[in-house]
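Student: Provided below for reference: sequence and predicted model.
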Amino acid sequence: MQPAQHAADRLHRTFQDRSDQDWLDILVSSLRIPDIEGVPMPLFPSEEMQRDMHGHSGEVSLHEAHAFFREVKAYAGYAGRPLEPTRTMLDFGCGWGRMLRLFMKDVHPDNLYGADSTSRFLTEARRCNPDVNFLACQVAPPMILQAASLDMIVSWSVFSHLDEFLATRWMEEFARLLRPGGLLMVTTQSRRFIAFCAEMRLRRASGIKLEHGWYEACANAFTDEAHENARYEAGQFLHAASAARPNPLSHYGEAIIPRGYVVKHWGHLFRLVEFLDNPARLPQVLVVLQKPGA
């Protein structure tokens, strides 16, 4: 066994029987303590990089990641595909690998994969957590992974940004990558995001300085509230691009995907297990999909 593999195995074996709350407490402690119970813990990027990506850092970011992990784990069990050491799992749009460390207790790190199209995020992910497999991907599919090679794909706050074209291309790619019965869990913005963008415009118009560049982007998004709400009711894909076409950044922006759209346009690829829109549990909508089959 290679040293890195040995370290990954030691972490998994040491903590696999701990409760989810205990594991969160251990990860929070690892912000200050690099070795816990004799096990080297994954490192963290600078607070500046974390804030640039999430708007927050440290313990707050870990608690948000844990909320997502908790829902993924619960729905995996509900759908008959509980988290297990041998499950193969991909975090699409993994950034610096924040989400994946939550799963290292339940899924052996050898079977955890992260993919991102931004090289500096991947460089930091590999530096911070060499026990997990981090892969480069392009803005559009395909990926280098083989067909039917994954049991689960998760994606936090990626489909809250992609436009309809890219979102659909990646849904088709995920259907290729998942085994029959495999699960896909992604998040998108809720309908409430239309009102949030209106609030950012109101603050800006009142002379209040918006704290983050993302708030400025939100203030410029979905400017016709009545029109966007009507489109949502009609089950249409809502997207406010960050740049005008044909700029490549026009595929990126702010996205709101209604339940009706998921069923109508992606229902031939996946069965809808849940469309969770509950801000008390997650700040974004969680869409749980399952590939037909065994």
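Tutor: Happy to help now that I have it. Residues are numbered from 1 along each chain as shown.
Student: Now that residue 103 has come up, it's in contact with residue 69, right?
Tutor: Yes - between residue 103 and residue 69 there is a contact at 6.6 Å, judged by C-beta atoms under 8 Å. (Each C-beta comes from the backbone N, C-alpha and C, glycine too.)
Student: For the protein, give me the ranges with low pLDDT.
Tutor: Low-confidence segments of the chain (pLDDT under 70): 1-5, 243-249.
Student: report the longest helix in it, please.
Tutor: helix 58-78 (DSSP state H).
Student: which residues of the stretch 101-250 of the chain fall in strands?
Tutor: Using DSSP state E, counting those that start in this stretch, the strands of the stretch 101-250 of the chain run over 112-116, 133-136, 150-155, 178-188, 238-241.
Student: need those in CSV with mean neighbour count and distance to residue 282, can you?
Tutor: Shown next, in CSV, are those (neighbours: other C-beta atoms under 10 Å; distance: least, C-beta to C-beta, whole Å):
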stretch, mean neighbour count, distance to residue 282
strand 112-116, 23, 20
strand 133-136, 16, 25
strand 150-155, 24, 12
strand 178-188, 22, 7
strand 238-241, 20, 19
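Student: closest to residue 60 out of these?
Tutor: When the strands of the stretch 101-250 of the chain are compared by C-beta to C-beta, strand 178-188 sits nearest residue 60, at 17.4 Å.
Student: Next, the angle strand 150-155 makes with the closest one.
Tutor: 10 degrees (axes from the mean of the first three to the mean of the last three C-alpha atoms, to 10 degrees).
Student: I'd say residue 293 and residue 181 touch.
Tutor: Yes - with contacts counted by C-beta under 8 Å, residue 293 reaches residue 181, the gap being 5.0 Å.
Student: picking that back up, tabulate the strands of the stretch 101-250 of the chain (CSV), appending distance to residue 203.
Tutor: Shown next, in CSV, are these (distance: least, C-beta to C-beta, whole Å):
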stretch, distance to residue 203
strand 112-116, 31
strand 133-136, 38
strand 150-155, 30
strand 178-188, 24
strand 238-241, 18
